[in-house]
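Undergrad: Below are the sequence and a predicted model for it; my questions follow.
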Amino acid sequence: MRHRVAVVCTIGVLSVAGFASLRAYHADPAATAGGRPPTIGRLLPHSSPALGAAAARRVPRVPAPRVRAQAAIIFDPVTGETLWERNSRELRSIASITKVMTVMLFLEQEPDLSRDVVISREDVRRASTTYLRRGERVTLRDLVHLALVASDNAAARALARVSAWGSKRFVARMNAKAAELGLEQTRFTDPSGLHEGNLSSAYDVSQLILAASERPQVAEVMRKRTYQIRTSRRTRDIRSTNRLLGTRVDVMAGKTGYIDKAGYCLATLVQLVDGRSVSIVVLGARSSSGRFSEARRLVDWLSTQASVLLTSAAE
């Protein structure tokens, strides 16, 4: 029989009612406390008269992870439990994490990835980050890699433009797909993430990166540290913006994001040393390096100081 423990902040005493509340929340978020996650991890004194022996479950005390990002979450896809969170339902701009949905949706059409397309003026106009130039011919395969590996904004725009729906209808399809995936707090306004109107929450983003990881085409690209693109004019090596790749963290999928409104963001699925996978999302970190160090800190916290929380219910 599988036992599950959910942790939402520093743990003292966790009530049975709290467990029931969290399960109900995951089953129907909108029906509980206005759609906000229940606060079941509040630190309570062991002698609290409100908690009798039959009404409370003691779990070991662990220090809260040291995270400065505006919002973050550790989500267990096997049990469906939030293991730790900070402001995980807060609506925030998600910047280039948007491209995960863009590529997922584009690949659902099962396009011929060897097909060439011509980069347009609108693709590169104020694109900020791009390796592409107007008039270049490039394959759809390279556009997919540019969008996910190098976070190329012109590539994401080009994928939407040449899709079966065209640019405007593509965004509408992105929102329809978000609804289909149950991402109730997620809204898209453009395919690149440059627009600050691309909104989601750490919780929704954790579900988005899980959905992407289940699609081999998408996950394989997100695990590449480097890739070589060939256009009609030149060949160029690109490097992943995800600096967790190639480190001691076993990354199964991941995507970065940054605009001023969003801060530095990271969504990733990692495999722990025991083979267990968790999705970790950091939104609104203070620096580019900070999002990666905080993600590593959460991995370390879960693997060491908080590992007992994953087994305490079975003891």
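TA: That came through fine.
Undergrad: Could I get the full set of strands for this structure?
TA: Remark: strands assigned in the chain by DSSP state E are 13-15, 56-58, 71-76, 81-86, 92-93, 116-118, 137-139, 199-200, 226-230, 235-239, 250-259, 263-271, 277-285.
Undergrad: Out of these, which gets the lowest mean score?
TA: Lowest mean pLDDT within the strands of the chain: strand 13-15, a mean of 30.
Undergrad: contacting residues around stretch 171-187?
TA: 29-30, 35, 89, 91, 101-102, 104-105, 160, 165, 188-191, 197-201, 203-205, 207-208, 211 (Cβ atoms under 8 Å, 6 or more residues apart in numbering). No exception for glycine: its C-beta is placed from N, CA and C like everyone else's.
Undergrad: Any regions of this protein where pLDDT drops low?
TA: Counting by pLDDT under 70, the chain contains low-confidence residues at 1-60, 308-315.
Undergrad: Spatially central, which residue of it would that be?
TA: Compute the mean C-alpha point of the chain, and by Cα atoms, centre = their mean the closest residue is residue 267, 3.1 Å away.
Undergrad: State the distance from that residue to residue 296.
TA: Relative to residue 296, residue 267 is positioned 15 Å away (Cβ to Cβ, to the nearest Å).
Undergrad: Next, count neighbours for the spatially closest residue to residue 237 that is not a sequence neighbour.
TA: Spatially, and ignoring its direct neighbours in sequence, residue 237 is nearest to residue 228 (5.2 Å; Cβ to Cβ, 6 or more residues apart in numbering). Residues lying near residue 228 (other Cβ atoms under 10 Å) number 10.
Undergrad: go on, the one 3 residues further on?
TA: Residue crowding around residue 231 was assessed by other Cβ under 10 Å; the count is 18.
Undergrad: Could you do residue 225 as well?
TA: Neighbours around residue 225, by other Cβ under 10 Å: 12.
Undergrad: thought it was touching residue 244?
TA: No. Counting by Cβ atoms under 8 Å, residue 225 does not reach residue 244; the two are 10.2 Å apart.
Undergrad: follow-up on the earlier one: please identify which of the strands of the chain is closest to residue 216.
TA: Residue 216 lies closest to strand 250-259 among the strands of the chain, at 10.4 Å (Cβ to Cβ).
Undergrad: packing partners for that closest one?
TA: Secondary structure elements in contact with strand 250-259, counted by 3 or more Cβ pairs under 8 Å, 6 or more residues apart in numbering; DSSP states H and E, are helix 98-107, helix 202-213, helix 216-222, strand 263-271.
Undergrad: right, and residue 305 touches residue 61 too?
TA: No. With contacts counted by Cβ under 8 Å, residue 305 stays clear of residue 61, the gap being 10.2 Å.
Undergrad: tally of neighbours for residue 93?
TA: A count of neighbours around residue 93, defined by other Cβ under 10 Å, yields 23.
Undergrad: One more: residue 275?
TA: Residue 275, neighbours per other Cβ under 10 Å, totals 7.
Undergrad: surely residue 128 meets residue 153?
TA: Yes. With contact defined as Cβ under 8 Å, residue 128 counts as touching residue 153 (5.7 Å).
Undergrad: Find residues that contact each of the two.
TA: The contact lists of residue 128 and residue 153 share residue 194, where a contact means Cβ under 8 Å, 6+ apart.
Undergrad: Give me the more crowded residue out of the two.
TA: Higher neighbour count among residue 128 and residue 153: residue 153, with 26 against 13, using other Cβ under 10 Å.
Undergrad: can you tell me which residues contact that one?
TA: Shown in contact with residue 153 (Cβ under 8 Å, 6+ apart): 96, 127, 128, 129, 130, 192, 193, 194.
Undergrad: and with 6 Å instead?
TA: Going by Cβ atoms under 6 Å, 6 or more residues apart in numbering, residue 153 touches 127, 128, 129, 130, 192, 194.
Undergrad: And the furthest pair within those residues?
TA: Between any two of these, the greatest separation by Cβ to Cβ is 10.6 Å, found for 130 and 194.
Undergrad: Redo the strands of the chain as TSV? Include distance to residue 292.
TA: Formatted as TSV, the strands of the chain follow (distance: least, Cβ to Cβ, whole Å):
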stretch	distance to residue 292
strand 13-15	31
strand 56-58	35
strand 71-76	13
strand 81-86	17
strand 92-93	18
strand 116-118	33
strand 137-139	29
strand 199-200	20
strand 226-230	17
strand 235-239	14
strand 250-259	9
strand 263-271	7
strand 277-285	8
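Undergrad: Of all these, which one comes closest to residue 215?
TA: Comparison of those against residue 215 by Cβ to Cβ identifies strand 250-259 as nearest, at 9.2 Å.
Undergrad: Not counting its own residues, what contacts that closest one?
TA: Residues outside strand 250-259 that contact it (Cβ under 6 Å, 6+ apart): 94-97, 100, 193, 209, 212-213, 219, 222, 241-242, 244-245, 264-271.
Undergrad: Thanks again, I'm all set now.
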